[in-house]
Each structure stands twice: as structure tokens, then as C-alpha cells.
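J.: sequence unknown, structure follows:
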């Protein structure tokens, strides 16, 4: 059985598990479908060019879309398949890459690659696939090369452009000069350069314009597939992993399961999917888990101590070495480390203290606490103690004005017995005792 299909089925099963937790409540299926951009379906006499966008790392989701497009080619109605490439490499297994290469080489129509728009790249193992194309175009500012270790058998596919493996990337001007690719500043110009692509010139206006006659149909990932493709990037997977673990730690210190726990569980599943697709290091994930345990110990005490230091060191080590060959971008790395340390060492203890600063069972601890009157107590009113508002009463002979300091002297049911910080209630009780 085709290894690309087997891996695709496994990933779809994993995605269904995540969706069951609540990631895609809309119940949409991630179906890669073509969107007609030009022409109509009844124009059967006009050939179609299929355009597929390949952006970001080539992961199993993107590889499955490319494979489905190549397997679905109808040579009677299709002129060519154009892959618009902007990818730094692939994170699929070599067997999957070979299966995709077989589909490219064995396609019954022209397979073209456009490295664009400006600033795009086709490097690593994706560049090895591009080298198999029947036609290659490149936009200014883009580059190709830096293929890395060969992933495709040389006896079947040869060396990319006949280069040695360690050759560096080649820019636009050099690629055109060497004959590796033709100049294609924009996609339309690349399409026009395809053999058999028909255009017509409209000279009715002030300046002649070129309009395509051959239909163009664009393929893109479905909503759910796009979600998982985004998750399978180093920055997204890393940040989701930290957010998920952080929210679950916070949920440990709260009563019951709330929205933070649900969001944390979904984030952790998505981050775990990304780490599984990318070349993640299991030991680095374990170091990140240890870091969260260290932070949690000091969150319990409410004071950053040795465990916070150990957690910070573990967080840095686990973050830097999380992925093999596809490091986390430095912006996401700094945001993840700094944000986690601030949340765990500062924000988390404060939130936990605030959440549990007002017990609901037993208030004897309040006797002797100080606060202030919210409104006039004569004798009944409300007071604020430890940032919480309570019903309170005082002696009629010692009314308390709003804003004056008070002290709790007793608790009776839902009411607090209070007295002014200075004098009057004590003086009244002493007179009552003497009488």
C-alpha cells in the first residue's frame, strides 16, 4: 500500500480525536477542494491549469493535498499542474517523499513549479521535489537550492540539477542564467509561459492588455486541514504546548474544571500534534514538563524560590532543543520563555491568591482583621475586608462614617460585628461593663 496514503489515514484519525475534544465544533471535514477562478464548467473544449499553493513546511497535510491533486489529473481536460512553492523544507518521511516524487515523474501532463512571489524559497527536501518538475519558474528575490541530504534515490531520480549535495542556495539572477528556471516575476506571467496556455490581447482600451483564455483552477486546504497545517509549524506547536501546560497547571489550583482547563486541554492536544509531525525531541518535551512541575511547586507556596529557578532553566533548555533541524523562531522562543516565566512566577501566584482569598466556609479567621466602611454604619451597613464587601453592624452609640477604618470583633451568621479602629466602641463596652 502507498505509504503516503497510510500516513494520511493515521493523521486523519488523530485529527478526528482532536476534533472530538472540541477544536472544530462546526463539524467541518478537512476536504481539499478546487475553487474555480476563471471560466465555467460547461466550457469543456477549454483546457484547465490546476494551481496548488505549497507554503510553509511540507507536512503530511500538504503532501496529501499534492498527492490527491496529482492522482486526480484528467489528461483530457488538464493542460498542466502548477505548484506555487514557498517552502523551507519537508517534515514528512522519506518514503512519503518518494511516493510524491513518483507521482510527479509519472504525471500524464506537465508538472510546473513556480517559486514565488518575491522572497519565496524552495530549499531542503522540497527543493529536491522542485528539481523533478518539467518546468520551473522563479520570481525576483526568490531562491532555490541548499537541498541537504538526498532523500530521493539517485538511481531513480538522479541528483537535483546534477549538483553536489552541499551546494548552497541559488538566487533569481543566477538561476535564470544557469538555465535552472525561467524568469517569472508574477504567477500570470509564469502561466503564460506554459506550452499550450492560450491568451488573447485586448486592444480596446488605451493600452493593450493580455487576458487568459485557458482556465485556471486553484486548490487550497480546507478549513480543518489549514488549521492542522498551521499547527505543524515550530512556532505554533511550541507556543500551543506551553499555553496548554500552563493553563492545566492553573486549573490544578482551582475548584472544578473551567474554561481554562478546556482551552488548555485543546491547546495541549494541538501542540502535541505539531510536535509529533515535526522532528520533535521526546527528552526536550520531558524537560518542559519538568519545568512546569517546578513552577507549580512554587505557585503552591506563593513565593518564587529554588523551584522557580530550576523551572526557568529547564524551560530554556527544553525550548531551545525542542525540535531537531527546525528550530523555533527566536521571536516565538523569547515570547514563550519570557511569557511563561512571568505568568508562573508572578501572575499565577497572584491569581491563585485572589481566587482563594475569601473562603466560603468558616469566617472565624476574620476576627481581628482591619478594613473600612463602604457606607455609613448606624448601626447596619457594609464594610470592605480583604477586598471583599460584607454586611456589618456596629453599636448604635458608635456610628462609623464611609471610608473610616474598622476592625472585625465578631462574626454572627452572615453578619460581621465591627468597631472603629479608634476608641468609641471600646469605651462604650467599658461603660457597659462598669454599669
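T.: Right, received. Where do you want to start? All values reported here derive from a predicted model rather than from experimental measurement. Numbering: from 1, shown residues only.

J.: low-scoring stretches of the protein, by residue?
T.: Counting by pLDDT under 70, the chain has low-confidence residues at 1-45, 164-166, 205-206, 254-257, 301-303, 349-365, 413-414, 423-435.

J.: quick one: the residue nearest the centre of the chain from residue 229, how far?
T.: The centroid of the chain falls nearest to residue 236 when counting by CA atoms, centre = their mean (3.1 Å). Look at residue 236 and residue 229: by CB to CB, to the nearest Å, they are 10 Å apart. Bear in mind the C-beta positions are built from the backbone N, C-alpha and C, glycine included.

J.: Please apply the same query to residue 75.
T.: Relative to residue 229, residue 75 is positioned 29 Å away (CB to CB).

J.: Kindly report the same for residue 318.
T.: For residue 318 relative to residue 229 (CB to CB), the value is 24 Å.

J.: So which bits of stretch 92-108 are buried?
T.: Under the neighbour-count criterion of 16 or more other CB atoms under 10 Å, stretch 92-108 has 92, 96, 97, 98, 99, 100, 101, 102, 103, 104, 107 buried.

J.: Distance to residue 261 and secondary structure for these - can I get that in a markdown table?
T.: Listed next are the buried residues of stretch 92-108 as a markdown table, based on distance: CB to CB, whole Å; DSSP: H, G, I helix; E, B strand; the rest coil:
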| residue | distance to residue 261 | secondary structure |
| --- | --- | --- |
| 92 | 33 | coil |
| 96 | 36 | helix |
| 97 | 39 | helix |
| 98 | 43 | helix |
| 99 | 41 | helix |
| 100 | 40 | helix |
| 101 | 45 | helix |
| 102 | 46 | helix |
| 103 | 44 | helix |
| 104 | 46 | helix |
| 107 | 49 | coil |
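
J.: looking at it, the residue nearest to the centre of the chain is touching residue 274, isn't it?
T.: Yes. With contact defined as CB atoms under 8 Å, residue 236 counts as touching residue 274 (6.2 Å).

J.: Okay, buried residues for the strand or helix carrying residue 249 please.
T.: Residue 249 belongs to helix 234-252 when assigned by DSSP states H and E. Of all the residues in helix 234-252, those buried under the rule 16+ other CB under 10 Å are 234-251.

J.: Stretch 138-152 too?
T.: 138, 139, 142, 143, 144, 145, 146, 147, 148, 151, 152.

J.: swap in stretch 184-193?
T.: 184, 185, 187, 189, 190, 191.

J.: now swap in stretch 287-300 and tell me
T.: 287, 288, 290, 291, 292, 294, 295, 296, 298, 299.

J.: got the domain boundaries for this protein?
T.: The record assigns the chain these domain ranges, following automatic domain parsing: 34-221, 233-355, 364-434.

J.: what helices or strands is the one helix or strand residue 319 maps to leaning on?
T.: Secondary structure from DSSP H and E places residue 319 in helix 306-320. Helices and strands touching helix 306-320, by 3 or more CB pairs under 8 Å, 6 or more residues apart in numbering; DSSP states H and E, are helix 282-301, helix 330-342.

J.: Out of those helices, flag the one nearest residue 377.
T.: helix 282-301 (37.5 Å; CB to CB).

J.: for the buried residues of stretch 287-300, which one is nearest residue 134?
T.: Of the buried residues of stretch 287-300, the one sitting nearest to residue 134 (CB to CB) turns out to be residue 288, at 45.3 Å.

J.: Residue 238 and residue 332 touch, don't they?
T.: Yes. If you go by CB under 8 Å, residue 238 and residue 332 touch, sitting 6.1 Å apart.

J.: Secondary structure element for residue 86, which one?
T.: Going by DSSP H and E, residue 86 is in strand 78-86.

J.: so how far is that strand from its chain's centroid?
T.: Here the centre of mass of C-alpha atoms in strand 78-86, compared against the chain's by CA atoms, centre = their mean, to the nearest Å, lies 28 Å away.

J.: got it, and stretch 377-394?
T.: Its chain's average C-alpha position is 48 Å from that of stretch 377-394, according to CA atoms, centre = their mean.

J.: ok, and for it, which residues are buried?
T.: 377, 379, 381, 383, 385, 390, 392, 393, 394.

J.: Redo the residues you listed as TSV? Include secondary structure and distance to residue 79.
T.: Below are these laid out as TSV (DSSP: H, G, I helix; E, B strand; the rest coil; distance: CB to CB, whole Å):
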residue	secondary structure	distance to residue 79
377	strand	87
379	coil	91
381	strand	84
383	strand	81
385	strand	79
390	strand	79
392	strand	84
393	strand	88
394	coil	90
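
J.: closest to residue 367 among these?
T.: Lowest distance from residue 367 to the buried residues of stretch 377-394 (CB to CB) belongs to residue 385, with 10.7 Å.

J.: now the closest one: how far from residue 392?
T.: The value you get for residue 385 to residue 392, if CB to CB is used, is 9 Å.

J.: Residues that sit against both of those two, list them.
T.: Taking CB atoms under 8 Å, 6 or more residues apart in numbering as the criterion, residue 385 and residue 392 both touch residue 416.

J.: quick one: the strands in the stretch 101-250 of the chain?
T.: Using DSSP state E, counting those that start in this stretch, the strands of the stretch 101-250 of the chain run over 110-115, 121-123, 135-138, 143-145, 170-171, 182-183, 199-202, 209-212, 215-220.

J.: Now distance to residue 56 too, for these, in a markdown table please.
T.: Output for the strands of the stretch 101-250 of the chain, formatted as a markdown table (distance: least, CB to CB, whole Å):
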| stretch | distance to residue 56 |
| --- | --- |
| strand 110-115 | 14 |
| strand 121-123 | 11 |
| strand 135-138 | 19 |
| strand 143-145 | 17 |
| strand 170-171 | 21 |
| strand 182-183 | 25 |
| strand 199-202 | 31 |
| strand 209-212 | 28 |
| strand 215-220 | 13 |
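
J.: Can you say which of those strands is nearest to residue 157?
T.: strand 110-115 (13.4 Å).
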